[in-house]
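*Asks:* give me a 3D structure for the following:
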Amino acid sequence: MAKDRLAQVLEDWEAVIGLEIHTEITSSNTKMFCGCPVGFGGEPNTRVCPVCLGLPGALPVPNEYAVEATVLAGLAIESTIARWSQFHRKNYFYPDMPKDYQISQYDLPFCDGGHLDVQVGEGDGAYETRICVTRIHLEEDTGKMVHVGGAEGRIAGATHSLVDFNRAGTPLMELVTEPDIRTPEEARRFAQKLRLIWLSLGISDCSMEEGSMRVDANVSIRRPGETELGTKAEIKNMNSFRALHDGLAHEIIRQAELVESGGHVVQETRHWDVGAKRTSSLRSKEEAHDYRYFPEPDMVPFQFSEEWIEAVRAKLPELPDAKKARFVEDLGLSGYDAAILSADISLSAFFDSAMSIGGAAKAKAIANIMLNDLAAYLNTEAISIDESRVTPAMLVELVELVDGGTISSKQAKVVFSEMAATGDSPGAIVEIKGMKQVSDTGAIEQAIDRVMTANPSEVEGYRGGKTTLLGFFVGQTMKEMRGQANPKLVNEVLLRKLG
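*Replies:* The predicted structure follows:
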């Protein structure tokens, strides 16, 4: 029903959405401005020091790796890298910010501009849209509020709140988009693609459940054809891609119904309540001047040379779009299969490993097994491909057994199930179970002769025009040979003998 209501609203209103995506650089060993370790969980307030607690006299020292990771991220989405940049102090008072200011960036971010092209929908209704990026800047993360009492983790009903500063000071990369997004689905697809790129770069684990990737959205509505932006609301606490979609859908409908009933949207920050499936007001939305930005006095500005930027660019890996194109153009996969394989880091690495063993000629067969048998097995067992007993070499061997006529494609499914359960090689399974396919034409002819002798009326019927009886003869022959006859040869010999 909510989906239908959203479609109705979007006929009369145009949604204008911009995203702010915060990503912790979890691949860094230490925090942004001190030597405390980075990590999720742990005993509260044990990974802290005078610097990340903001104690008097403690001075920040920037994390070189985090700076490089941010520049690498910018290069991946075709941002312009600043040759001169600096950190600023963002002043605000909130319990999770121990210094009462955050070291961030204001008008001189490391990365300016950039874009992602996002495909939305499937089949005939699919379309591609370009979503531009305003900036990527680097800052330190805040601590974590733990609300106690009432529903766990929810502000509503809490009797008091605790603060864990273990996360405070973690390198945090923030990407801000232009207001180019028009639907919740476009927002979801953008965030999913960005996450895949960050994973490809190896800069973060991008776990939305653990908070290392967090998406906030600014959303407003206007009538189709209008150019002036409406009053926006910022939505927080969307800690999954589904929550991002549903939170935006709810807010678009809320704003439309509010305006249509004679009310007006106020600029504010709203909280997405997953359980209630609604947003609620948190606080009025701050403007940039409310934060009283000024240059960080304890750090000198950054100046990047062309040589340094090019050295970082040389570290760019193959990105998802390029990988998908290679799978299609070089390996002959369909666009659909290539999209699925390239959309998962572990899956594409497994596939590439198999290609390095078996060669491009086996690409389609291996992709078919991966996207059907292997995917079903992983789903049933609820495990990742890294936990599977099946290896790339085993898949290559399985394909070679089919290509060489040792087993049929039907038998291959039996072999796959056995090797997934035991970890034994396909060849060993075929040998132990006596599954080797018979391709001896003479033996097949003798079996067919016995079948034809035992079923004279069916032979007469086939020769009289009932060609559908061919399936009967194939089945009887396979039964005669205990399922080990080469199906292709069985068909060829039957057609010749039956005339």
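
*Asks:* would you map the strands across the stretch 251-400 of the chain?
*Replies:* Taking DSSP state E, counting those that start in this stretch as the test, the strands found in the stretch 251-400 of the chain are 268-273, 278-284, 294-295, 302-303.

*Asks:* break the protein down into its structural domains.
*Replies:* Domain ranges of the chain: 2-312, 320-432, 441-498, per automatic domain parsing.

*Asks:* adding mean pLDDT and mean neighbour count, write these out as a markdown table.
*Replies:* For the C-beta atoms, the positions are set from N, CA and C on the backbone; glycine is no exception. Shown next, in a markdown table, are these (pLDDT from 0 to 100; neighbours: other Cβ atoms under 10 Å):
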| stretch | mean pLDDT | mean neighbour count |
| --- | --- | --- |
| domain 2-312 | 93 | 17 |
| domain 320-432 | 94 | 17 |
| domain 441-498 | 82 | 15 |
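
*Asks:* between the strands of the stretch 251-400 of the chain, which gets nearest to residue 492?
*Replies:* Among the strands of the stretch 251-400 of the chain, strand 268-273 comes nearest to residue 492, with 63.0 Å by Cβ to Cβ.

*Asks:* and that closest one, which strands flank it?
*Replies:* In the sheet, strand 268-273 lines up against strand 233-238 (parallel), strand 278-284 (antiparallel) (DSSP bridges).

*Asks:* contact partners of the last one?
*Replies:* Contact partners of strand 278-284, identified using Cβ atoms under 8 Å, 6 or more residues apart in numbering, comprise 155-156, 233, 235-236, 247, 250-251, 254, 266-273.

*Asks:* biggest helix in this protein, by residue count?
*Replies:* helix 241-260 (DSSP state H).

*Asks:* let me know the angle separating that one from strand 278-284.
*Replies:* Angle, helix 241-260 to strand 278-284, by axes from the mean of the first three to the mean of the last three Cα atoms, to 10 degrees: 80 degrees.

*Asks:* what's helix 241-260 packed up against?
*Replies:* Contacts defined by 3 or more Cβ pairs under 8 Å, 6 or more residues apart in numbering; DSSP states H and E place helix 241-260 against helix 2-12, strand 14-24, helix 184-201, strand 213-222, strand 233-238, strand 268-273, strand 278-284.

*Asks:* distance between the second one and the chain's centre?
*Replies:* Going by Cα atoms, centre = their mean, to the nearest Å, the spacing between the C-alpha centre of strand 14-24 and its chain's C-alpha centre is 17 Å.

*Asks:* so what does it touch, helix or strand wise?
*Replies:* Partner elements for strand 14-24 (3+ Cβ pairs under 8 Å, 6+ apart): strand 171-177, helix 184-201, strand 213-222, helix 241-260.

*Asks:* and after that strand, which helix or strand comes next?
*Replies:* Following strand 14-24 in sequence order, the next helix or strand is helix 64-76 (DSSP states H and E).

*Asks:* contacts for that following helix, please.
*Replies:* The contact list for helix 64-76 (Cβ under 8 Å, 6+ apart) reads 25, 27-29, 32, 80-81, 110-111, 114, 136-138, 171, 173, 175, 197-198, 200-201, 203, 302, 304, 309, 312-313, 315-316, 319.

*Asks:* if we can go back for a sec, out of the strands of the stretch 251-400 of the chain, flag the one nearest residue 43.
*Replies:* That would be strand 268-273 among those, by Cβ to Cβ, at 27.7 Å.

*Asks:* what's the angle from that closest one to strand 213-222?
*Replies:* Interaxial angle of strand 268-273 relative to strand 213-222 (the same axes, to 10 degrees): 120 degrees.

*Asks:* after the helix or strand in which residue 103 is found comes which helix or strand?
*Replies:* With elements taken from DSSP H and E, the one containing residue 103 is strand 101-104. As assigned by DSSP H and E, the chain's next helix or strand after strand 101-104 is strand 111-112.

*Asks:* mind checking how far that following strand is from the chain centre?
*Replies:* Per Cα atoms, centre = their mean, the centroid offset for strand 111-112 relative to its chain is 24 Å.

*Asks:* coming back round to it: now distance to residue 149 too, for the strands paired with strand 268-273, in TSV please.
*Replies:* Shown next, in TSV, are the strands paired with strand 268-273 (distance: least, Cβ to Cβ, whole Å):
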stretch	distance to residue 149
strand 233-238	18
strand 278-284	17
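
*Asks:* for residue 211, find the nearest of the strands of the stretch 251-400 of the chain.
*Replies:* The closest of the strands of the stretch 251-400 of the chain to residue 211 is strand 268-273. By Cβ to Cβ, the value is 14.5 Å.

*Asks:* show me what the strand holding residue 103 is packed against.
*Replies:* Judged by 3+ Cβ pairs under 8 Å, 6+ apart, the packing partners of strand 101-104 are strand 88-91, strand 127-140.

*Asks:* alright, I will stop here.
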